[in-house]
Each structure stands twice: as structure tokens, then as C-alpha cells.
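Participant: give me the fold of what follows.
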Amino acid sequence: MTTLDRLYKKGLLDRRMPDRAFLYSARFSQQEWERTRAENVLTNFLTGPQASRELLLSSFLDAVGEHDTALLDELEKKIRRKRRELFRRGQP
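Facilitator: I've put the predicted structure just below:
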């Protein structure tokens, strides 16, 4: 119960009391949770020192290149799309 209460207080669970006991449920789907975790990790690296950012990017590219070249191609397409989107908004 302590663990469930702590997860509820951290915003990870919802709870309701239909009778005399709390009923807990996940606040996020697995996909939403994984996306949130990934965004947090990336944000921490990207707001850190330049060396951390470079390490993150080079490690990521090395891992993707070794395991899935099709994914590397998809990543390149997404980067191009994002650059066009940013250019249209007037961002460098």
C-alpha cells in the first residue's frame, strides 16, 4: 500500500474509492510512459554540458548504425523533415 500511495503522489497512478478501499490504475499507457521516460533522458542530456550532448548523439548513432541501417535511414528523413519545419517557422 505504501508503494501504491507513493506512486499515486508522484502522479504515476490514479485512484478512486468505489467502496471502502482505494482502487488504483495506471495513469499512462505503456507507450505514453516510454515516451515520457525517453523525453526525460534526452532533456537531461541536451540541457547538460556540450560533451554530454555529443556523447549522447554519437552513442545513439553508433548503436542505430550497428543494429538497424533502415532505422538510420528513417532517422535521416525525420531530421530533414524537422529542419524544413523549423525553417518554415523561421527558426535557424
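Participant: mind jotting down where the strands sit in the chain?
Facilitator: Taking DSSP state E, the strands of the chain run over residues 13-16, 23-26.
Participant: what's the most buried one of these?
Facilitator: strand 13-16 (a mean of 13; mean count of other Cβ atoms under 10 Å). All C-beta atoms are positioned from the backbone trio N, CA, C, and that covers glycine.
Participant: need the residues that contact it.
Facilitator: 4, 7-8, 22-27 (Cβ atoms under 8 Å, 6 or more residues apart in numbering).
Participant: could you rerun that using 10 Å?
Facilitator: When contacts are defined by Cβ atoms under 10 Å, 6 or more residues apart in numbering, strand 13-16 is touched by residues 3-8, 21-28.
Participant: now for Lys82, how many residues are close by?
Facilitator: Per other Cβ atoms under 10 Å, the neighbour tally for Lys82 reads 10.
Participant: for Arg15, see how far away it is.
Facilitator: Distance from Lys82 to Arg15, counting by Cβ to Cβ, to the nearest Å: 39 Å.
Participant: identify the single longest helix in this structure, thanks.
Facilitator: Taking DSSP state H as the criterion, the chain has its longest helix at helix 69-88.
Participant: who does that one touch, helix- and strand-wise?
Facilitator: Secondary-structure packing of helix 69-88 (3 or more Cβ pairs under 10 Å, 6 or more residues apart in numbering; DSSP states H and E): helix 50-67.
Participant: would you mark the buried spots in the longest helix of the chain?
Facilitator: Judged by neighbour count (16 or more other Cβ atoms under 10 Å), helix 69-88 contains no buried residues.
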